[in-house]
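my questions are about this predicted structure, shown below with the sequence.
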Amino acid sequence: MDLFFRILKFGLTGFLGMAIDFGATWLFKEKIKINKYIANAIGFTLAVTNNYLINRVWTFESTNTHWATEFGKFLVVSLIGLGLNTFIIYLFHQRKNGTNFYVAKFFAIVIVFVWNFLANMLFTFR
């Protein structure tokens, strides 16, 4: 049951992160007119910082006093996730003409969610 609630908390945190990610990506891509992949990276960076803080305190209840090392691990997991995210967006948006950028981004977020949860549970916050 503990695993179920961790997944739920991780998912809720991720949903907030997704809102931050989508919002920032939209702002930088559509309004500020930055390259869509750079805008994606900015949205990701803001979301990952938020997600680390919430997951550390709420989801995994970490008491690790070496928070900088822990954040480093979280960042590595997240950067791998960003690589997967960007690759999936590229495949769906660039390779499959007609797939909307934000639809491709949604698919990428769902796939990367599984990676992020497992890697953080087994590596970052173990």
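Thanks, I have it.

how about the helices of this structure, start to end?
2-26, 36-54, 67-89, 101-119 (DSSP state H).

a markdown table for the ones you listed, including distance to residue 60?
For the C-beta atoms, the positions are set from N, CA and C on the backbone; glycine is no exception. Below are the helices of the chain laid out as a markdown table (distance: least, C-beta to C-beta, whole Å):
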| stretch | distance to residue 60 |
| --- | --- |
| helix 2-26 | 7 |
| helix 36-54 | 10 |
| helix 67-89 | 9 |
| helix 101-119 | 10 |
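
out of these, deepest packed?
Of all the helices of the chain, helix 36-54 has the most neighbours on average by mean count of other C-beta atoms under 10 Å, namely a mean of 19.

and the angle for it with helix 2-26?
140 degrees (axes from the mean of the first three to the mean of the last three C-alpha atoms, to 10 degrees).

for helix 36-54, name the packing helices and strands.
helix 2-26, helix 67-89 (3 or more C-beta pairs under 8 Å, 6 or more residues apart in numbering; DSSP states H and E).

could I get these as JSON lines with mean pLDDT and distance to residue 45?
As requested, the helices and strands packed on helix 36-54 are arranged in JSON lines below (pLDDT from 0 to 100; distance: least, C-beta to C-beta, whole Å):
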{"stretch": "helix 2-26", "mean pLDDT": "95", "distance to residue 45": "8"}
{"stretch": "helix 67-89", "mean pLDDT": "93", "distance to residue 45": "9"}
